[in-house]
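**Student:** here is a sequence with its predicted model. Questions after.
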Amino acid sequence: MLHPILAFIQEAGANLGAADPKNYLSLFGSGIGAGLVVIGAGLGIGRIGGSAAEGIARQPEAAGNIQTAAIILAALIEGVALFGLVIELLYKLL
């Protein structure tokens, strides 16, 4: 599935100037990078939420500690995702 997309981009880039194909390919890579960062963050936070709910179901008396730990871990994942998006956007500009 990816091969026809890349072939199309390569053909479209052949009709442009010398610097233009690099710019369009960097936009394509930037979109893929942003998508991967968001998917990774979503999976991580989803796993934390599921594990926290399971832990609270098993030990309801520890719900406060589990919620606090889950919120801190989710914030750390959001920070890493934001860092990944910033690096991805900076890479696009170079």
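**Tutor:** Nice, thanks for sending it over.

**Student:** tell me where the model's unsure across the chain.
**Tutor:** 1-2, 9-10, 12-23, 94 (pLDDT under 70).

**Student:** now the most centrally placed residue in the chain. Nearest residue, chain neighbours left out?
**Tutor:** Centroid-nearest residue in the chain: Val37, 1.0 Å away (criterion: C-alpha atoms, centre = their mean). Spatial nearest neighbour of Val37, excluding adjacent residues (C-beta to C-beta, 6 or more residues apart in numbering): Gly84 at 4.1 Å. In short, each C-beta sits where N, CA and C put it, glycine included.

**Student:** which residues does that neighbour contact?
**Tutor:** Shown in contact with Gly84 (C-beta atoms under 8 Å, 6 or more residues apart in numbering): Gly33, Val37, Gly40.

**Student:** burial count for Ala52?
**Tutor:** By other C-beta atoms under 10 Å, the residues close to Ala52 number 19.

**Student:** would you check how far apart it and Gly40 are?
**Tutor:** Ala52 sits 19 Å away from Gly40, going by C-beta to C-beta, to the nearest Å.

**Student:** tell me where the longest helix sits in the protein.
**Tutor:** helix 20-58 (DSSP state H).

**Student:** what's the offset of it from the middle of its chain?
**Tutor:** Put simply, helix 20-58 sits 3 Å off its chain's centre (C-alpha atoms, centre = their mean, to the nearest Å).

**Student:** how about it: buried residues?
**Tutor:** Within helix 20-58, the residues scored as buried using 16 or more other C-beta atoms under 10 Å are Pro21, Ser30, Gly33, Val37, Ala41, Gly44, Ile45, Ile48, Ala52, Gly55, Ile56.

**Student:** got it, and stretch 76-85?
**Tutor:** For stretch 76-85, a neighbour-count test (16+ other C-beta under 10 Å) marks Ile77, Ala81, Gly84, Leu85 as buried.

**Student:** surely the second one is in contact with Val38?
**Tutor:** Spelled out, that is Ala81. Yes. With contacts counted by C-beta atoms under 8 Å, Ala81 reaches Val38, the gap being 7.1 Å.
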